[in-house]
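# 3D model of this:
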Amino acid sequence: MMPPRWSNILGRVTSAGPYVNERLSIVVLTSVIAAGIAAVAYADRSVTSLSLASLYFLPLALSALVHPLRISIALSIVCLALHDLLSPVRDTGIRHFTGDAATLLGYVFVVIVVNQLGAQRRRLADLAAKQRDELAAEINLAAEVQQSILPRSIPTVPGFEFAARMYPARIVAGDYYGFIELANGEVAVVIGDVSGKGVAAGLLMPSIEVTLRMDAPRFPGTNDLLHAFNNVVHQVTGGHRFISLFYGKLCARSRSLEYTNAGHNPPLLVRAGADPSRLDQGGPVLGILPDSEYRRDVVTLCQGDILVLYTDGVVEAESSTGEEYSEKRLATIVSSHPHESAEELVESIYSSVTQFRGTTPQADDMTLLVLKVL
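Okay, here's the model as predicted:
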(Lines give C-alpha, C1' and ligand atoms only; values in the text may rest on other atoms or scores of the structure.)
Protein backbone atom coordinates (compact mmCIF):
# COMPACT_ATOMS: atom_id res chain seq x y z
CA MET A 1 0.00 0.00 0.00
CA MET A 2 1.23 3.52 -0.83
CA PRO A 3 2.45 5.48 2.24
CA PRO A 4 -0.01 8.20 3.34
CA ARG A 5 2.41 11.02 2.54
CA TRP A 6 2.95 9.92 -1.05
CA SER A 7 -0.75 9.18 -1.40
CA ASN A 8 -1.57 12.77 -0.39
CA ILE A 9 1.02 14.13 -2.83
CA LEU A 10 -0.36 11.99 -5.66
CA GLY A 11 -3.89 13.10 -4.80
CA ARG A 12 -2.90 16.76 -4.98
CA VAL A 13 -1.09 16.26 -8.29
CA THR A 14 -3.93 14.36 -9.94
CA SER A 15 -6.49 16.88 -8.71
CA ALA A 16 -4.52 19.85 -9.99
CA GLY A 17 -6.43 21.79 -12.58
CA PRO A 18 -6.82 25.36 -13.79
CA TYR A 19 -9.98 25.80 -11.74
CA VAL A 20 -8.74 23.97 -8.63
CA ASN A 21 -5.17 25.12 -7.98
CA GLU A 22 -3.64 27.21 -10.77
CA ARG A 23 -0.10 27.33 -9.36
CA LEU A 24 0.11 23.59 -8.77
CA SER A 25 -1.36 23.01 -12.23
CA ILE A 26 1.44 25.01 -13.87
CA VAL A 27 4.09 23.10 -11.91
CA VAL A 28 2.61 19.73 -12.87
CA LEU A 29 2.12 20.64 -16.53
CA THR A 30 5.62 22.13 -16.79
CA SER A 31 7.00 18.83 -15.48
CA VAL A 32 4.96 16.97 -18.08
CA ILE A 33 6.28 19.28 -20.84
CA ALA A 34 9.89 18.77 -19.75
CA ALA A 35 9.39 15.02 -19.58
CA GLY A 36 7.80 15.06 -23.03
CA ILE A 37 10.71 16.97 -24.57
CA ALA A 38 13.19 14.62 -22.93
CA ALA A 39 11.28 11.56 -24.16
CA VAL A 40 11.17 12.86 -27.75
CA ALA A 41 14.86 13.77 -27.59
CA TYR A 42 15.74 10.26 -26.39
CA ALA A 43 13.68 8.70 -29.19
CA ASP A 44 15.18 11.15 -31.70
CA ARG A 45 18.67 10.03 -30.68
CA SER A 46 17.80 6.34 -30.95
CA VAL A 47 15.92 6.26 -34.27
CA THR A 48 18.19 6.32 -37.32
CA SER A 49 15.74 5.65 -40.13
CA LEU A 50 13.67 8.86 -40.00
CA SER A 51 13.51 12.30 -38.40
CA LEU A 52 11.33 12.74 -35.31
CA ALA A 53 11.40 16.53 -35.35
CA SER A 54 7.62 16.73 -35.75
CA LEU A 55 7.07 14.98 -32.39
CA TYR A 56 8.40 18.05 -30.57
CA PHE A 57 5.16 19.74 -31.60
CA LEU A 58 3.29 17.85 -28.85
CA PRO A 59 5.09 19.23 -25.76
CA LEU A 60 5.44 22.62 -27.46
CA ALA A 61 1.66 22.80 -28.04
CA LEU A 62 1.07 21.98 -24.38
CA SER A 63 3.60 24.64 -23.38
CA ALA A 64 1.77 27.20 -25.51
CA LEU A 65 -1.38 26.54 -23.48
CA VAL A 66 0.40 26.96 -20.15
CA HIS A 67 3.30 29.40 -20.56
CA PRO A 68 3.70 32.93 -21.99
CA LEU A 69 4.58 33.11 -25.67
CA ARG A 70 8.24 34.04 -25.12
CA ILE A 71 8.85 30.91 -23.02
CA SER A 72 7.23 28.67 -25.63
CA ILE A 73 9.31 30.21 -28.43
CA ALA A 74 12.45 29.73 -26.35
CA LEU A 75 11.49 26.08 -25.88
CA SER A 76 11.02 25.83 -29.65
CA ILE A 77 14.65 26.88 -30.13
CA VAL A 78 15.74 24.38 -27.46
CA CYS A 79 13.83 21.59 -29.21
CA LEU A 80 15.40 22.51 -32.54
CA ALA A 81 18.87 22.47 -30.95
CA LEU A 82 18.20 19.07 -29.35
CA HIS A 83 17.02 17.69 -32.67
CA ASP A 84 20.08 19.11 -34.46
CA LEU A 85 22.49 17.69 -31.88
CA LEU A 86 20.90 14.30 -31.22
CA SER A 87 19.21 13.18 -34.42
CA PRO A 88 21.31 10.74 -36.48
CA VAL A 89 19.45 11.85 -39.59
CA ARG A 90 21.48 14.64 -41.19
CA ASP A 91 21.31 16.91 -44.24
CA THR A 92 24.23 19.07 -45.29
CA GLY A 93 24.85 22.60 -46.49
CA ILE A 94 21.99 24.82 -47.53
CA ARG A 95 19.50 21.99 -47.28
CA HIS A 96 20.48 21.50 -43.67
CA PHE A 97 20.08 25.22 -42.90
CA THR A 98 16.81 25.42 -44.81
CA GLY A 99 15.45 22.35 -43.02
CA ASP A 100 16.35 23.78 -39.61
CA ALA A 101 14.76 27.12 -40.48
CA ALA A 102 11.59 25.45 -41.74
CA THR A 103 11.38 23.28 -38.62
CA LEU A 104 11.84 26.30 -36.37
CA LEU A 105 9.20 28.27 -38.25
CA GLY A 106 6.85 25.31 -37.94
CA TYR A 107 7.48 25.17 -34.17
CA VAL A 108 6.87 28.90 -33.80
CA PHE A 109 3.71 28.80 -35.91
CA VAL A 110 2.22 26.02 -33.78
CA VAL A 111 3.23 27.82 -30.59
CA ILE A 112 1.64 31.11 -31.69
CA VAL A 113 -1.62 29.46 -32.83
CA VAL A 114 -2.00 27.34 -29.70
CA ASN A 115 -0.97 30.27 -27.49
CA GLN A 116 -3.75 32.37 -28.97
CA LEU A 117 -6.23 29.57 -28.36
CA GLY A 118 -5.00 29.31 -24.77
CA ALA A 119 -5.30 33.07 -24.32
CA GLN A 120 -8.87 32.93 -25.61
CA ARG A 121 -9.62 30.08 -23.22
CA ARG A 122 -8.22 32.08 -20.32
CA ARG A 123 -10.25 35.15 -21.30
CA LEU A 124 -13.41 33.07 -21.45
CA ALA A 125 -12.52 31.42 -18.12
CA ASP A 126 -11.96 34.85 -16.53
CA LEU A 127 -15.26 36.10 -17.93
CA ALA A 128 -17.07 33.00 -16.66
CA ALA A 129 -15.45 33.39 -13.24
CA LYS A 130 -16.48 37.05 -13.10
CA GLN A 131 -20.07 36.25 -14.04
CA ARG A 132 -20.10 33.37 -11.56
CA ASP A 133 -18.88 35.66 -8.78
CA GLU A 134 -21.46 38.31 -9.66
CA LEU A 135 -24.24 35.71 -9.66
CA ALA A 136 -23.01 34.30 -6.34
CA ALA A 137 -23.03 37.80 -4.85
CA GLU A 138 -26.60 38.37 -6.06
CA ILE A 139 -27.73 35.00 -4.67
CA ASN A 140 -26.08 35.76 -1.33
CA LEU A 141 -27.85 39.12 -1.28
CA ALA A 142 -31.15 37.35 -2.01
CA ALA A 143 -30.44 34.97 0.87
CA GLU A 144 -29.79 37.90 3.20
CA VAL A 145 -33.06 39.51 2.16
CA GLN A 146 -34.85 36.22 2.70
CA GLN A 147 -33.38 35.80 6.17
CA SER A 148 -34.51 39.32 7.05
CA ILE A 149 -38.08 38.34 6.15
CA LEU A 150 -38.10 35.41 8.56
CA PRO A 151 -38.99 36.13 12.19
CA ARG A 152 -36.11 37.64 14.15
CA SER A 153 -37.70 36.69 17.45
CA ILE A 154 -40.18 34.13 18.71
CA PRO A 155 -43.38 35.52 20.26
CA THR A 156 -43.90 35.06 23.99
CA VAL A 157 -47.35 33.66 24.79
CA PRO A 158 -48.18 32.62 28.40
CA GLY A 159 -48.75 28.87 28.56
CA PHE A 160 -47.13 28.16 25.20
CA GLU A 161 -43.64 27.68 23.88
CA PHE A 162 -42.54 28.16 20.25
CA ALA A 163 -39.46 27.22 18.27
CA ALA A 164 -38.76 27.28 14.53
CA ARG A 165 -35.86 26.67 12.20
CA MET A 166 -35.34 26.52 8.43
CA TYR A 167 -32.61 24.39 6.84
CA PRO A 168 -32.23 25.41 3.16
CA ALA A 169 -31.09 22.86 0.59
CA ARG A 170 -29.49 25.73 -1.35
CA ILE A 171 -28.47 29.25 -0.47
CA VAL A 172 -31.98 30.57 -1.12
CA ALA A 173 -34.93 28.51 0.10
CA GLY A 174 -38.51 28.16 -1.08
CA ASP A 175 -39.87 27.51 2.41
CA TYR A 176 -41.43 30.09 4.70
CA TYR A 177 -42.52 30.31 8.30
CA GLY A 178 -43.73 33.23 10.37
CA PHE A 179 -45.59 34.52 13.39
CA ILE A 180 -48.10 37.36 13.12
CA GLU A 181 -49.25 39.03 16.33
CA LEU A 182 -52.86 40.09 15.88
CA ALA A 183 -54.61 42.99 17.57
CA ASN A 184 -56.89 40.87 19.79
CA GLY A 185 -53.97 39.05 21.42
CA GLU A 186 -54.08 36.08 19.08
CA VAL A 187 -50.95 34.89 17.31
CA ALA A 188 -51.01 33.59 13.76
CA VAL A 189 -48.69 30.68 13.01
CA VAL A 190 -47.75 30.19 9.36
CA ILE A 191 -45.67 27.69 7.42
CA GLY A 192 -45.48 27.41 3.65
CA ASP A 193 -43.62 25.87 0.75
CA VAL A 194 -43.29 27.44 -2.69
CA SER A 195 -43.18 24.96 -5.58
CA GLY A 196 -39.64 24.42 -6.84
CA LYS A 197 -36.34 25.23 -5.15
CA GLY A 198 -33.68 27.89 -5.14
CA VAL A 199 -33.93 31.52 -6.22
CA ALA A 200 -37.04 31.12 -8.38
CA ALA A 201 -39.01 29.73 -5.44
CA GLY A 202 -37.48 32.16 -2.95
CA LEU A 203 -38.65 35.18 -4.95
CA LEU A 204 -42.26 34.48 -3.92
CA MET A 205 -41.47 34.51 -0.22
CA PRO A 206 -41.68 38.31 0.21
CA SER A 207 -45.17 38.31 -1.32
CA ILE A 208 -46.27 35.72 1.24
CA GLU A 209 -44.97 37.82 4.12
CA VAL A 210 -46.34 41.15 2.92
CA THR A 211 -49.76 39.88 1.86
CA LEU A 212 -50.38 37.87 5.01
CA ARG A 213 -49.38 40.72 7.33
CA MET A 214 -51.58 43.17 5.44
CA ASP A 215 -54.62 40.91 5.12
CA ALA A 216 -54.53 38.92 8.37
CA PRO A 217 -56.20 41.66 10.48
CA ARG A 218 -58.94 42.19 7.86
CA PHE A 219 -60.29 38.63 7.73
CA PRO A 220 -61.89 37.12 10.83
CA GLY A 221 -61.69 33.53 9.57
CA THR A 222 -58.58 31.64 8.49
CA ASN A 223 -60.49 30.24 5.51
CA ASP A 224 -61.54 33.71 4.34
CA LEU A 225 -57.93 34.90 4.49
CA LEU A 226 -56.63 32.01 2.40
CA HIS A 227 -59.48 32.41 -0.09
CA ALA A 228 -58.31 35.97 -0.74
CA PHE A 229 -54.64 35.03 -0.64
CA ASN A 230 -55.20 32.27 -3.19
CA ASN A 231 -56.45 34.83 -5.72
CA VAL A 232 -53.43 37.06 -5.08
CA VAL A 233 -51.02 34.18 -5.69
CA HIS A 234 -52.86 33.22 -8.88
CA GLN A 235 -52.65 36.79 -10.19
CA VAL A 236 -48.93 37.05 -9.38
CA THR A 237 -47.90 33.68 -10.84
CA GLY A 238 -50.48 33.29 -13.60
CA GLY A 239 -51.20 29.80 -12.30
CA HIS A 240 -47.68 28.58 -13.16
CA ARG A 241 -46.53 28.24 -9.56
CA PHE A 242 -48.27 27.27 -6.37
CA ILE A 243 -47.78 27.56 -2.64
CA SER A 244 -48.78 25.04 -0.01
CA LEU A 245 -49.59 26.86 3.22
CA PHE A 246 -50.85 26.19 6.72
CA TYR A 247 -52.32 29.16 8.56
CA GLY A 248 -53.46 28.92 12.17
CA LYS A 249 -54.64 31.43 14.78
CA LEU A 250 -53.74 30.60 18.35
CA CYS A 251 -56.00 31.97 21.08
CA ALA A 252 -54.18 31.75 24.41
CA ARG A 253 -57.30 32.51 26.48
CA SER A 254 -59.35 29.62 25.12
CA ARG A 255 -56.31 27.44 24.39
CA SER A 256 -57.62 26.78 20.90
CA LEU A 257 -56.20 26.86 17.42
CA GLU A 258 -58.32 27.84 14.44
CA TYR A 259 -56.65 26.78 11.20
CA THR A 260 -56.93 26.28 7.46
CA ASN A 261 -54.62 23.99 5.53
CA ALA A 262 -54.07 24.92 1.87
CA GLY A 263 -52.59 21.70 0.51
CA HIS A 264 -49.69 21.67 2.98
CA ASN A 265 -48.26 18.66 4.79
CA PRO A 266 -50.72 18.21 7.70
CA PRO A 267 -49.17 19.32 10.99
CA LEU A 268 -49.10 16.64 13.68
CA LEU A 269 -50.81 17.19 17.01
CA VAL A 270 -49.16 14.78 19.42
CA ARG A 271 -50.74 14.24 22.84
CA ALA A 272 -50.16 11.64 25.51
CA GLY A 273 -52.27 8.49 25.32
CA ALA A 274 -53.62 9.15 21.83
CA ASP A 275 -52.59 8.67 18.24
CA PRO A 276 -51.21 11.79 16.52
CA SER A 277 -53.88 13.96 14.88
CA ARG A 278 -53.38 15.42 11.39
CA LEU A 279 -54.57 18.99 10.86
CA ASP A 280 -55.69 18.59 7.28
CA GLN A 281 -58.91 20.60 6.95
CA GLY A 282 -58.75 23.32 4.31
CA GLY A 283 -58.53 23.16 0.54
CA PRO A 284 -56.19 23.03 -2.46
CA VAL A 285 -52.76 24.60 -2.77
CA LEU A 286 -52.69 28.34 -3.41
CA GLY A 287 -52.32 29.81 -6.86
CA ILE A 288 -53.62 27.08 -9.17
CA LEU A 289 -57.41 27.58 -9.14
CA PRO A 290 -58.89 31.06 -8.66
CA ASP A 291 -61.80 31.49 -6.25
CA SER A 292 -61.13 28.16 -4.54
CA GLU A 293 -63.13 27.53 -1.38
CA TYR A 294 -61.43 26.70 1.90
CA ARG A 295 -62.68 25.23 5.16
CA ARG A 296 -61.55 25.98 8.67
CA ASP A 297 -61.39 23.88 11.78
CA VAL A 298 -60.76 24.50 15.47
CA VAL A 299 -58.81 22.21 17.81
CA THR A 300 -58.62 22.51 21.57
CA LEU A 301 -55.12 22.33 23.01
CA CYS A 302 -54.32 20.68 26.35
CA GLN A 303 -51.31 20.79 28.63
CA GLY A 304 -48.51 18.60 27.27
CA ASP A 305 -49.73 18.76 23.67
CA ILE A 306 -47.08 19.20 21.01
CA LEU A 307 -47.93 20.61 17.58
CA VAL A 308 -45.32 20.07 14.86
CA LEU A 309 -45.51 22.00 11.62
CA TYR A 310 -43.11 20.96 8.86
CA THR A 311 -42.44 21.06 5.13
CA ASP A 312 -42.12 18.08 2.80
CA GLY A 313 -38.33 18.22 2.89
CA VAL A 314 -38.55 16.64 6.36
CA VAL A 315 -40.78 13.63 5.72
CA GLU A 316 -39.53 13.06 2.15
CA ALA A 317 -35.83 13.02 3.08
CA GLU A 318 -34.37 9.83 1.61
CA SER A 319 -31.86 7.38 3.02
CA SER A 320 -29.08 5.86 0.94
CA THR A 321 -31.47 3.05 -0.02
CA GLY A 322 -34.15 5.45 -1.29
CA GLU A 323 -36.49 5.03 1.69
CA GLU A 324 -38.33 8.16 2.86
CA TYR A 325 -38.17 9.42 6.44
CA SER A 326 -42.01 9.47 6.57
CA GLU A 327 -44.62 11.08 8.77
CA LYS A 328 -44.64 7.98 10.98
CA ARG A 329 -40.99 8.42 11.95
CA LEU A 330 -41.61 12.10 12.64
CA ALA A 331 -44.51 11.26 14.99
CA THR A 332 -42.40 8.62 16.73
CA ILE A 333 -39.48 10.97 17.42
CA VAL A 334 -41.86 13.64 18.77
CA SER A 335 -43.70 11.16 20.99
CA SER A 336 -40.43 9.83 22.38
CA HIS A 337 -39.24 13.29 23.51
CA PRO A 338 -42.24 14.71 25.41
CA HIS A 339 -40.18 16.46 28.09
CA GLU A 340 -37.89 18.37 25.75
CA SER A 341 -38.38 22.08 25.17
CA ALA A 342 -39.67 23.26 21.82
CA GLU A 343 -36.15 24.31 20.79
CA GLU A 344 -34.66 20.97 21.86
CA LEU A 345 -37.39 19.12 20.01
CA VAL A 346 -36.57 20.96 16.76
CA GLU A 347 -32.93 19.91 17.15
CA SER A 348 -33.92 16.31 17.93
CA ILE A 349 -36.09 16.07 14.81
CA TYR A 350 -33.39 17.58 12.61
CA SER A 351 -30.74 15.24 14.06
CA SER A 352 -33.03 12.28 13.48
CA VAL A 353 -33.61 13.23 9.83
CA THR A 354 -29.90 13.88 9.27
CA GLN A 355 -28.93 10.54 10.79
CA PHE A 356 -31.57 8.76 8.70
CA ARG A 357 -30.38 10.48 5.52
CA GLY A 358 -26.74 9.50 6.15
CA THR A 359 -24.53 10.40 3.20
CA THR A 360 -27.47 11.26 0.92
CA PRO A 361 -27.38 15.00 0.08
CA GLN A 362 -30.25 17.17 1.27
CA ALA A 363 -32.54 17.41 -1.73
CA ASP A 364 -35.15 19.88 -0.47
CA ASP A 365 -35.56 22.67 2.05
CA MET A 366 -36.52 21.55 5.54
CA THR A 367 -38.50 23.78 7.88
CA LEU A 368 -39.73 22.90 11.36
CA LEU A 369 -42.04 24.83 13.68
CA VAL A 370 -42.93 23.41 17.09
CA LEU A 371 -45.64 24.65 19.43
CA LYS A 372 -45.69 23.14 22.90
CA VAL A 373 -48.51 23.61 25.42
CA LEU A 374 -47.13 24.14 28.93
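
# pLDDT weak spots in the stretch 51-200 of the chain?
Along the stretch 51-200 of the chain, segments meeting pLDDT under 70 span 51, 88-111, 113-119, 121, 135-149, 172, 196-200.

# domains in this structure, by residue range?
4-142, 151-373 (automatic domain parsing).

# deepest of those, which one?
Among these, domain 151-373 has the highest mean neighbour count (mean count of other C-beta atoms under 10 Å), at a mean of 18. Where you see a C-beta, it was placed from the backbone N, CA and C, and this is true even at glycine.

# can you give me the offset of it from its chain's centre?
Relative to its chain's centre, domain 151-373 lies at 23 Å (C-alpha atoms, centre = their mean, to the nearest Å).

# what about it, how long is it end to end?
21 Å (C-alpha to C-alpha, to the nearest Å).

# do stretch 289-302 as well
Start-to-end, stretch 289-302 (C-alpha to C-alpha) is 36 Å.

# give me the contacts around that stretch.
With C-beta atoms under 8 Å, 6 or more residues apart in numbering as the test, stretch 289-302 has contacts from 221-223, 226-227, 230-231, 234, 254-260, 262, 269, 271, 277, 279, 281-284, 307, 373.

# ok, 6 Å please
For stretch 289-302, contacts defined as C-beta atoms under 6 Å, 6 or more residues apart in numbering pick out 221-223, 226-227, 230-231, 234, 255-258, 260, 281-284, 373.

# can you pull the contacts of Ile33?
By C-beta under 6 Å, 6+ apart, the contact list for Ile33 reads Pro59, Leu62, Ser63.

# just checking, which of these belong to helices?
Cross-referencing these against helices under DSSP state H gives Pro59, Leu62, Ser63.

# among the contacts of stretch 289-302, which are in helices?
Among these, the ones falling in helices (DSSP H) are Thr222, Asn223, Leu226, His227, Asn230, Asn231, His234.

# surely the last one meets Gly287?
To tie it back to what came earlier, the one meant is His234. Yes - between His234 and Gly287 there is a contact at 5.1 Å, judged by C-beta atoms under 6 Å.

# any idea which element Ser72 lies in?
Here Ser72, judged by DSSP states H and E, is contained in helix 69-86.

# ok, now how distant is the nearest residue to Ala173 once chain neighbours are set aside from Asp175?
Counting by C-beta to C-beta, 6 or more residues apart in numbering, Ala173 lies nearest to Asp365, which is 4.3 Å off, once chain neighbours are set aside. Using C-beta to C-beta, to the nearest Å, Asp365 is found at 4 Å from Asp175.

# what of Tyr42?
Applying C-beta to C-beta, the value for Tyr42 to Asp175 is 64 Å.

# one more: Pro284?
For Pro284, the distance to Asp175 (C-beta to C-beta) stands at 19 Å.
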